[in-house]
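**Q** Pasting a predicted model and its sequence here:
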Amino acid sequence: MSPEQNSILKVSKLVKRFGGFHALDGLSFHVVPGEILGLVGPNGSGKTTAINVISGLYAPDGGEVVFDGASSGGVASHKLVHRGINRTFQVPKPFLSLTVRENIQVALAYGGATGTPPSIAELLEDFRLKEVADRPAADLNSAQQKMLDLTRALATRPRLLLLDELAAGLNPAELDWIAGRIKALAATGMAIIVVEHLMGFIEQITDRVIVLNAGKEIFEGTLATAVREPQVIEVFLGGEHAH
Ligand SMILES: Nc1ncnc2c1ncn2[C@@H]1O[C@H](COP(=O)(O)OP(=O)(O)OP(=O)(O)O)[C@@H](O)[C@H]1O
């Protein structure tokens, strides 16, 4: 079977409009179980919109999203969580007055229908939240809020995990550590899509990247190859994220 036939998610000719503006303009790609796929591109190229459509926050205006063999475009987020898609947010939205542990408990109770639920103790340990487990989420610093957001997503047992700028604001040691954690998740068979501006981080964790510009794919392959493509250099690496 070709990798594409084995895909857990297939996006075909996806269109998302805001008014007359095409945030996604015919985007197609796939991801297979156990793969870490990077979505990269300049500001406003449609990366977060792609995550928002795949996770059911927005309905597509055209094209198709197929998750695990069934159409999932336009299906509400909470239903997709039960089917096995979950995500993190650029700006996490925990229940601020609940403790870290309670936030994870809510996600566990809400979570997916298949597989063994992860243990709260393990999630707290794995994502360095043990020390703050009984503090309200409002007390967490921004890195800890991101880790709580990730553990809440993991508590629902996703088979496809969408990470929207999880690494932004983390220091180099934290980046190394979280890169290892994300790779360990992929090694369990979870498919992971990562939206990130930090190219070193993308290089460290992804198997493959899709480069977006103006809602369209302009490149698909490894980041090492992408950085040698004149079109990619022009729209992306020659811009503000060249460093
Ligand atoms: N809810 C919305 N209403 C109107 N326009 C939107 C909405 N969401 C996104 N857009 C527009 O769609 C385009 C793509 O935005 P998107 O957030 O997907 O880009 P991005 O590649 O994730 O950018 P960044 O790297 O800055 O996060 C932008 O021009 C943005 O202003």
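**A** Okay, I see it.
**Q** Tell me which helix or strand comes right after the helix or strand encompassing K16.
**A** Using DSSP states H and E, K16 falls within strand 9-18. Counting by DSSP H and E, the next helix or strand C-terminal to strand 9-18 is strand 21-31.
**Q** now the angle from whichever helix or strand comes after that following strand to strand 9-18?
**A** Once the chain leaves strand 21-31, the next helix or strand it forms, by DSSP H and E, is strand 36-40. Relative orientation of strand 36-40 versus strand 9-18 (axes from the mean of the first three to the mean of the last three CA atoms, to 10 degrees): 20 degrees.
**Q** avg pLDDT for the next helix or strand after strand 36-40?
**A** Later in the chain than strand 36-40, the nearest helix or strand by DSSP H and E is helix 47-54. Across helix 47-54, the average pLDDT comes to 98.
**Q** Restricting to C-alpha, output the longest helix along the chain in PDB.
**A** Secondary structure of the chain per DSSP state H: the longest helix is helix 172-187. Taking Å, rounded to 0.1, in the frame of the first residue of the first chain, the C-alpha atoms of helix 172-187 are listed here in PDB:
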ATOM      1  CA  PRO A 172      15.900  25.800  24.000                       C
ATOM      2  CA  ALA A 173      16.000  23.200  26.800                       C
ATOM      3  CA  GLU A 174      12.200  23.000  26.900                       C
ATOM      4  CA  LEU A 175      12.100  22.700  23.100                       C
ATOM      5  CA  ASP A 176      14.500  19.800  23.100                       C
ATOM      6  CA  TRP A 177      12.500  18.100  25.800                       C
ATOM      7  CA  ILE A 178       9.100  18.600  24.100                       C
ATOM      8  CA  ALA A 179      10.500  17.500  20.800                       C
ATOM      9  CA  GLY A 180      11.300  14.200  22.400                       C
ATOM     10  CA  ARG A 181       7.800  13.900  23.900                       C
ATOM     11  CA  ILE A 182       6.200  14.600  20.600                       C
ATOM     12  CA  LYS A 183       8.300  12.000  18.800                       C
ATOM     13  CA  ALA A 184       7.400   9.500  21.600                       C
ATOM     14  CA  LEU A 185       3.700  10.100  20.900                       C
ATOM     15  CA  ALA A 186       4.200   9.600  17.200                       C
ATOM     16  CA  ALA A 187       6.100   6.300  18.000                       C
END
